Each structure stands twice: as structure tokens, then as C-alpha cells.
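Asker: The amino acid sequence is not available; the structure is as follows:
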């Protein structure tokens with residue numbers, strides 16, 4: 001029957017029949033990819049965080065180790081032919097080994113040897129946790145091996161490649177060891193991890209909103225040579241987002257984390273939430289400071305990518321790039337969060 005139609009009508013009919021198939025094959029836009037990836041990432045993050053709270057902190061250590069392996073691979077890939085194969089192997093092994101050494105050592109000293117903070121003054125503590133010492137020795141050993149390659153592979157590597165290998169070794173593994181420290185805090189570990197991962201995302205969203213709304217009126221750039229699209233007003237929005245994130249973490253911590261008391265592996269008791277409202281200002285302050293470090297961490301990675309001539313550090317996360325593109329703000333956030341809560345434990349002692 002279609003063969004009897006005029007030629008132009010036949011073409012329209014064919015187009016109408018092809019339209020659904022073409023629409024079905026139409027690739028996702030970058031915005032759609034980014035949104036889907038963000039949802040999947042948040043679900044996975046919340047899954048590991050839930051396992052940390054309800055089962056054991058080691059599940060989040062596994063999450064950090066995955067970041068270490070993939071992030072280090074992305075750094076090695078970004079340097080390309082600048083590194084010799086032997087340097088890649090050493091960096092890959094020791095980057096993971098540093099994180100593993102800290103986690104295993106901390107578990108041995110706290111869970112096996114029973115080294116804990118006293119209920120009274122921190123100055124009354126007995127015993128010492130040598131996990132940081134062991135991790136530091138492993139880290140320095142990695143550096144020593146990288147320098148030692150100058151002897152064993154002298155003709156094939158240069159001092160310049162040693163410098164590149166040191167960068168790939170330290171970023172991101174050293175920061176991720178600090179993230180593991182946040183996860184292994186005797187107290188406040190849940191809230192510390194929540195700050196590390198929640199504040200950056202909320203601050204980034206508010207920075208984008210402030211930049212869109214006020215960027216044309218207040219176009220002053222934050223770091224024009226590194227990230228031309230980031231404005232000072234956007235940075236201020238990020239600080240506002242950090243304050244709001246601090247409020248969110250406050251309710252998450254007192255409304256959920258403190259209600260769970262682990263009594264064994266995957267064994268816990270639940271209690272009704274008790275909100276300590278005098279802590280609200282402390283949480284807001286941490287949120288603002290963490291936001292500032294998160295934004296700086298984002299600029300640091302932007303600088304690295306510009307120096308290497310890259311748009312993204314990887315392709316594993318559609319719409320976002322690589323793992324390092326997703327956690328760059330969390331790396332610097334972990335530094336300040338760990339420092340704040342360690343100081344609080346050493347000055348204020350064990351929380352009630």
C-alpha cells in the first residue's frame with residue numbers, strides 16, 4: 001500500500017517510522033550523564049557509610065583503598081611517558097601499601113592491644129598507637145625506593161621523572177591516609193567522614209548558584225590563571241554552602257550516627273536522638289572552614305590538570321571525568337577535619 005503513495009508522502013512516512021528508533025539511539029547529554037553519575041556515586045557513598053555505621057569501619061577503609069588505587073592509576077596515566085615502567089610499579093604498590101599499613105596497624109593497636117583514650121584527661125592515656133609511625137616508615141620507604149631506581153635503572157630514568165613519580169606517589173595517597181585517619185578516630189569518626197564528603201558537594205552547589213546569580217555583577221575571579229570560571233562571589237556562596245552543610249551534618253550526627261552503638265560485628269543497639277544544640281555553632285564553623293579547604297583542593301587539581309594539559313583526570317565517571325575529579329575537594333577537606341577533631345579530643349577529652 002505504501003508503494004502507491006506519492007514520493008514526498010513516502011519520505012514523510014519513512015521519517016515518522018524512523019523517528020522513535022533514532023530518538024531511542026540518541027546519546028545522553030553531558031548534563032544527563034553527570035546527573036546519573038552523581039546519583040550512582042551518592043548511593044554508593046551512602047552505602048559504604050551505612051556499612052561503616054552499622055557493621056564496621058573497615059568497609060569505609062575499603063572505599064578509601066579503592067579511591068587510592070584508581071586515583072593513583074589516574075595520576076600515573078596523566079603523566080604518560082614521563083615515567084618509566086619501574087616507577088609506575090613502585091608508585092602503584094606503595095600508594096596502596098601506605099593506606100593498608102595504617103589501617104591494619106591501627107586495628108591491631110586499638111582492637112587487639114586495646115590502646116584507647118581514657119574517659120578522663122587525654123594526658124592520662126596509657127599505651128601508644130604506633131599506626132601513624134608505621135605508615136610514615138612505609139611512605140618514606142617508598143620514596144627511598146623511587147630514589148634507589150636512579151641506581152638500578154640509571155640509564156632509563158631522569159631526575160625529572162623522579163619528581164613526577166613523587167607527585168604521583170603523594171597525590172592522592174597521602175591525603176587518603178589522612179582520610180583513613182578520619183575514619184579511625186576514636187570518637188567523632190562518623191561526623192568527620194560526613195564533613196569530608198558532604199561539605200564539598202553542598203559548597204560546590206551553592207558556589208555554582210551564587211556564580212550564576214551574581215557572577216555578572218561581581219565578576220572578580222578567584223584564581224583566573226587556574227580556573228577562569230570561578231568567581232569570588234561563587235567562593236562566598238561555597239562558604240554559605242559550608243555553613244548549611246554544617247547544619248545538615250549536625251542533624252545527621254546527632255539524629256543518626258550517635259543513635260547507633262556498635263556492640264560487635266554487625267551488632268548494634270539504637271537509642272533515641274538527643275540534640276546538643278550548643279554544638280550547632282561548632283558544626284557551622286567547621287562547615288565554613290571545610291568549605292574553604294574544599295574549594296582550595298579543587299583549585300589545586302585544576303592547576304595540576306592545566307600543567308599536564310588535561311581536561312579531566314580520567315573517564316571512569318561519565319560527565320565528571322575520573323575519581324580524582326570527583327574527590328579533589330574531599331582530599332583537602334580531610335586535612336582540616338582530621339586536625340580539628342584530633343585537637344578537640346586532645347583538649348576536651350572523650351565526648352559525653
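Answerer: Structure received. As the structure is a computational prediction, the values presented were derived from the model and not from experiment.
Asker: Give me the distance between residue 288 and residue 239.
Answerer: The gap separating residue 288 from residue 239 is 5 Å, by C-beta to C-beta, to the nearest Å. Using the backbone N, CA and C atoms, a C-beta is placed for each residue, glycine as well.
Asker: now do residue 204
Answerer: 12 Å.
Asker: where in the stretch 51-200 of the chain is pLDDT low?
Answerer: 119-126 (pLDDT under 70).
Asker: which residues in it form helices?
Answerer: 58-79, 85-107, 131-152, 159-170, 173-183, 189-214 (DSSP state H, counting those that start in this stretch).
Asker: a markdown table for the ones you listed, including distance to residue 335 and mean neighbour count?
Answerer: A markdown table is the format used below for the helices of the stretch 51-200 of the chain (distance: least, C-beta to C-beta, whole Å; neighbours: other C-beta atoms under 10 Å):
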| stretch | distance to residue 335 | mean neighbour count |
| --- | --- | --- |
| helix 58-79 | 14 | 21 |
| helix 85-107 | 15 | 20 |
| helix 131-152 | 14 | 16 |
| helix 159-170 | 13 | 18 |
| helix 173-183 | 6 | 24 |
| helix 189-214 | 10 | 22 |
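Asker: Redo these as TSV? Include distance to residue 309.
Answerer: Output for those, formatted as TSV (distance: least, C-beta to C-beta, whole Å):
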stretch	distance to residue 309
helix 58-79	9
helix 85-107	20
helix 131-152	24
helix 159-170	14
helix 173-183	23
helix 189-214	24
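Asker: And these: which comes nearest residue 310?
Answerer: With respect to residue 310, and counting by C-beta to C-beta, the nearest of the helices of the stretch 51-200 of the chain is helix 58-79 at 5.9 Å.
Asker: Could you check the angle the closest one makes with helix 85-107?
Answerer: With axes from the mean of the first three to the mean of the last three C-alpha atoms, to 10 degrees as the basis, helix 58-79 and helix 85-107 are set at 160 degrees to each other.
Asker: Contacts for helix 58-79 next, please.
Answerer: Residues outside helix 58-79 that contact it (C-beta atoms under 8 Å, 6 or more residues apart in numbering) are 45, 48-49, 51-52, 83, 88, 91-92, 95-96, 99-100, 103, 107, 164, 167-169, 171-173, 176, 179-180, 183-184, 193, 304-305, 308, 310, 313-314, 316, 322-324, 327.
Asker: Compute the inter-axis angle for that helix and helix 189-214.
Answerer: 50 degrees.
Asker: can you give me the angle helix 58-79 makes with helix 159-170?
Answerer: 160 degrees.
Asker: Next, report how far helix 58-79 is displaced from the centre of its chain.
Answerer: Centroid displacement of helix 58-79 relative to its chain, using C-alpha atoms, centre = their mean, to the nearest Å, is 10 Å.
Asker: in a strand, that's where residue 272 is, yeah?
Answerer: No: read with DSSP: H, G, I helix; E, B strand; the rest coil, residue 272 is coil and lies in no strand.
Asker: OK, contacts around it?
Answerer: Neighbours of residue 272 in contact, by C-beta under 8 Å, 6+ apart: residue 259.
Asker: any idea how far residue 62 is from it?
Answerer: Remark: distance between residue 272 and residue 62 (C-beta to C-beta) = 31 Å.
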